[in-house]
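# following is a predicted model, sequence given first.
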Protein chains: 2
Amino acid sequence: MNSQKPILETLQRRSTPQVPIWLMRQAGRYLPEYRAVRARAKGFLGLCFTPELAVEVTLQPIRRFPLDAAIIFSDILVIPHALGQPVTFEEGRGPVLEPIRSGDDLRKLSLERLARTLTPVATAIAAVRRELPENVALFGFAGAPWTVASYMVEGIGGSDFALAKTWAYREPDSFNLLIDLLVDATSAYLVQQIEAGAEILQIFDSWAGVLSPPALERWALRPTAEIVRRVKARHPDIPIIVFPRGVGASYARYAAACGSDGLSLDTGVSPEWAAAALQPTMTVQGNLDPLVLAAGGSALREEATHILERLAGGSFIFNLGHGILPQTPPDHVAALCELVHDWKR
Amino acid sequence: MNSQKPILETLQRRSTPQVPIWLMRQAGRYLPEYRAVRARAKGFLGLCFTPELAVEVTLQPIRRFPLDAAIIFSDILVIPHALGQPVTFEEGRGPVLEPIRSGDDLRKLSLERLARTLTPVATAIAAVRRELPENVALFGFAGAPWTVASYMVEGIGGSDFALAKTWAYREPDSFNLLIDLLVDATSAYLVQQIEAGAEILQIFDSWAGVLSPPALERWALRPTAEIVRRVKARHPDIPIIVFPRGVGASYARYAAACGSDGLSLDTGVSPEWAAAALQPTMTVQGNLDPLVLAAGGSALREEATHILERLAGGSFIFNLGHGILPQTPPDHVAALCELVHDWKR
């Protein structure tokens, strides 16, 4: 039984004495001990695929801070890599992929070596589970098909998504083959993570917000809902949180149709609105501006309190609205954990 | 009387036989005749501040397409320029400003030469008014204080807004001096545009979506509402549309509190949601994905129809969810105008 872990209790919609907290990218560059491990890894994917190192960086924030969850150190682009698309991570530039631009290019991809390539992630998950304090839950994760596909098509992040969207709009049938392949791969990978020891899953759709509502429905919500359905068919008791970043009022469509247990809110979502529109049926997670955590001081106290006042009365996990920034002083993370855990419900 | 102009009728919440349409950045790089004028102007600001050229590019799309409005050709960064902050536009790189980073830097700025520096814009507005067909209305515009301030502080666009946000969070009093200065300058500039002949105003808050709800309220909504209040105090009959891009469900806060006549919707806003949450009290404008207009074909027909079916029954102006893309074939704009004007209400 996991009933002593506050995040799992929360996702079962039971109240816990303290508001649980974890932070997206909590294992990352803002920690000097992370930078030290990163410096001796063979590239970023080398860090993801060397269980000893992935375990170490996953545990680093747990040793420093009273966080309620760990999240396995990995990247959403391990899926294209495992499908056979070359992915490299360049310091200061982010990921670079040899782009997939057409139905013909899809022949370069295969599910055949997926599980084998991703086995080191499963190995790391199993090892982290053995090391975690008993009140700390372990997240597995993956990217949602639209977000992963957009990286696969564009080749680099931070673009305007013109190539991925143009393919989707002009040749929806062949683009759908790519999305379907990602639904297959991602469902299998998430099941693999659960069977290795992941106790919760998060699905990141970082670029959902660039889609029009009909495109969101077709390329983001429906494929994500299908992944949730397949994983739940195998493991109905593992809670799933979906993060459709930037979708605004369409978070309510996700609450109605994506089948997850929780929704992670980006920085822009109004806590009042989420309390009224989402929290009656979903656990909500979020959504402090990472820049406020980096800034600290009275702004951090005021913005965190603003969120807690509006959401901590219901089913709620404190988190950021996006990943922690590299310039964040670790002391600010400690102060935030204390503020959240001291909150009187 | 302007009662024959469909956009003005719409903003007075009277129904018109046809759905009116205009497009953000309709005078722009997708038109070969624009590129020809741009090539002979002395830089981008030279184009904005030479009335003969600004008039010419403002009228170009009106000659080609049956659009219901023209928008004076200018840029939101004419305000920092007129306040004394050096702004340059580099081909392919976008605007670059000598950044303002602190309360001390604010002393470099002054309202003194504002109206005089911006007189060429007023001159161009007056000239465009004389040339426009009688059913075509003329928009003036400005950037909202948060968006303009973020360019002024960051120095370049497309950043993560860390510097502007950090200033706002750490030293809100001095950041507020910058915002207040922009409220003064922008209100005066919009009044100047009306008095030159602008019949409608649009206020662009392109980066509102990066703010947390409390920061949105303080740095985006309240200053914008104050500008609307000041302009309406002088010219109560001139309709104002506000475009708080990316604010999601907080569009409803704008409908309740910003005092404008209309709201322009970004691509991500669900038309169903806008019809229920905004249209009962506001004219809404939007929100076709510019990439769909560039792609054309069946996707263009389907996405435009999706929007018209949900919004054309109420007070509605068809537009894009963001500016038109340079790669857009002009034929697609003609096809869209026809589709929108042929729509049976």
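Sure, I can see it.
# flag every residue of the stretch 101-250 of chain A that's near chain B.
Residues of the stretch 101-250 of chain A lying near chain B by C-beta under 8 Å from any C-beta of the partner chain: A:160-162, A:165-166, A:169-170, A:172, A:209-216, A:246-250. (Each C-beta comes from the backbone N, C-alpha and C, glycine too.)
# now, which of those residues lie within helices?
A:162, A:165-166, A:169-170, A:172, A:213-215 (DSSP state H).
# mind putting those residues in a markdown table, neighbour count included?
Output for those, formatted as a markdown table (neighbours: other C-beta atoms under 10 Å in any protein chain shown):
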| residue | neighbour count |
| --- | --- |
| A:Ala162 | 16 |
| A:Lys165 | 26 |
| A:Thr166 | 19 |
| A:Tyr169 | 23 |
| A:Arg170 | 14 |
| A:Pro172 | 15 |
| A:Pro213 | 27 |
| A:Pro214 | 18 |
| A:Ala215 | 24 |
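# which one in the residues you listed is the model shakiest on?
Note: of these, the lowest pLDDT belongs to A:Ala162, at 91.
# give me the residue from the stretch 201-345 of chain A nearest chain B.
A:Gly248 (2.5 Å; C-beta to the nearest C-beta).
# is it true that that residue touches B:Thr267?
No. Applying C-beta atoms under 8 Å, one finds A:Gly248 not in contact with B:Thr267, separated by 10.4 Å.
# of the two, who's got more company?
Between A:Gly248 and B:Thr267, A:Gly248 has the larger neighbour count (other C-beta atoms under 10 Å in any protein chain shown), namely 27 against 24.
# name the nearest residue to A:His306, ignoring sequence neighbours.
Closest residue in space to A:His306, ignoring its immediate chain neighbours: B:Pro214 at 5.4 Å, by C-beta to C-beta, 6 or more residues apart in numbering or on different chains.
# contact partners for the one you found?
A:302-303, A:306 (C-beta atoms under 8 Å, 6 or more residues apart in numbering or on different chains).
# what do you get for A:Leu336?
A:Leu336 neighbours (C-beta under 8 Å, 6+ apart): A:21, A:288, A:293, A:300, A:304.
# swap the cut-off to 7 Å and go again
A:293, A:300, A:304 (C-beta atoms under 7 Å, 6 or more residues apart in numbering or on different chains).
# got a markdown table for the residues you listed, with distance to chain B and pLDDT too?
Formatted as a markdown table, the contacts of A:Leu336 follow (distance: C-beta to the nearest C-beta, whole Å; pLDDT from 0 to 100):
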| residue | distance to chain B | pLDDT |
| --- | --- | --- |
| A:Leu293 | 10 | 98 |
| A:Leu300 | 8 | 98 |
| A:Ala304 | 11 | 98 |
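# of the residues you listed, which is the most crowded?
In terms of neighbour count, A:Leu293 stands highest of these at 23 neighbours, by other C-beta under 10 Å.
# my guess is that one meets A:His332, correct?
Yes. With contact defined as C-beta atoms under 7 Å, A:Leu293 counts as touching A:His332 (5.4 Å).
# what is in contact with those two at once?
With C-beta under 7 Å, 6+ apart as the test, A:Leu293 and A:His332 both reach A:Leu300.
# could you pull out the helices for the stretch 51-200 of chain A?
A:51-64, A:78-83, A:114-117, A:119-131, A:145-154, A:162-170, A:172-196 (DSSP state H, counting those that start in this stretch).
# quick check: A:Thr328 touching A:Leu31?
No. Using C-beta under 7 Å, A:Thr328 makes no contact with A:Leu31, being 9.3 Å away.
# which SSE is A:Arg229 in?
In this structure, A:Arg229 sits in helix A:222-234 according to DSSP states H and E.
# mind listing what's buried in stretch A:118-127?
By neighbour count with 16 or more other C-beta atoms under 10 Å in any protein chain shown, stretch A:118-127 contains the buried residues A:118, A:120-127.
# dump it to CSV, restricted to CA.
The C-alpha coordinates for stretch A:118-127 follow below in CSV (Å, rounded to 0.1, in the frame of the first residue of the first chain):
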residue,chain,number,x,y,z
LEU,A,118,14.6,2.4,-23.2
THR,A,119,15.5,-0.3,-20.8
PRO,A,120,18.1,1.9,-19.1
VAL,A,121,15.3,4.2,-18.1
ALA,A,122,13.4,1.3,-16.5
THR,A,123,16.5,0.1,-14.8
ALA,A,124,17.0,3.6,-13.3
ILE,A,125,13.3,3.8,-12.2
ALA,A,126,13.7,0.5,-10.3
ALA,A,127,16.9,1.7,-8.6
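# which residues touch that stretch?
A:49-51, A:54-55, A:72, A:74, A:78, A:82, A:138, A:140, A:189, A:192-193, A:196-198.
# so among those, which ones count as buried?
Among the contacts of stretch A:118-127, those scoring as buried are A:49-51, A:54-55, A:72, A:74, A:78, A:82, A:138, A:140, A:189, A:192-193, A:196-198 (criterion: 16+ other C-beta under 10 Å).
# show me what the next helix or strand after the helix holding A:Arg229 is packed up against.
Toward the C-terminus, helix A:222-234 is succeeded by strand A:240-244 as the next helix or strand (DSSP H and E). Counting contacts by 3 or more C-beta pairs under 7 Å, 6 or more residues apart in numbering or on different chains; DSSP states H and E, strand A:240-244 is packed against strand A:200-205, helix A:222-234, helix A:251-257, strand A:262-264.
# quick one, the first one and strand A:240-244 angle?
Yep, that's strand A:200-205 we're talking about. Interaxial angle of strand A:200-205 relative to strand A:240-244 (axes from the mean of the first three to the mean of the last three C-alpha atoms, to 10 degrees): 20 degrees.
# how near is the residue in the stretch 51-200 of chain A that chain B sits nearest to to B:Leu300?
Proximity of the stretch 51-200 of chain A to chain B (C-beta to the nearest C-beta) peaks at A:Tyr169, 3.8 Å away. Separation of A:Tyr169 from B:Leu300 (C-beta to C-beta, to the nearest Å) stands at 8 Å.
# go on, A:Glu272?
Using C-beta to C-beta, A:Glu272 is found at 37 Å from B:Leu300.
# do A:Arg234 as well
Counting by C-beta to C-beta, the gap from A:Arg234 to B:Leu300 is 41 Å.
# pLDDT score for A:Pro330?
The model's pLDDT for A:Pro330 equals 98.
# A:Ala334 sits in which helix or strand?
helix A:330-342.
# about what we covered before: can I get the helices and strands packed on strand A:240-244 in JSON lines with mean pLDDT, mean neighbour count and distance to B:Pro66?
Shown next, in JSON lines, are the helices and strands packed on strand A:240-244 (pLDDT from 0 to 100; neighbours: other C-beta atoms under 10 Å in any protein chain shown; distance: least, C-beta to C-beta, whole Å):
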{"stretch": "strand A:200-205", "mean pLDDT": "98", "mean neighbour count": "25", "distance to B:Pro66": "39"}
{"stretch": "helix A:222-234", "mean pLDDT": "98", "mean neighbour count": "19", "distance to B:Pro66": "37"}
{"stretch": "helix A:251-257", "mean pLDDT": "98", "mean neighbour count": "19", "distance to B:Pro66": "35"}
{"stretch": "strand A:262-264", "mean pLDDT": "98", "mean neighbour count": "26", "distance to B:Pro66": "43"}
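# looking at the ones you listed, spot the one closest to B:Arg230.
B:Arg230 lies closest to helix A:251-257 among the helices and strands packed on strand A:240-244, at 34.6 Å (C-beta to C-beta).
# contact partners for A:Leu339?
By C-beta under 7 Å, 6+ apart, A:Leu339 lies in contact with A:301, A:304.
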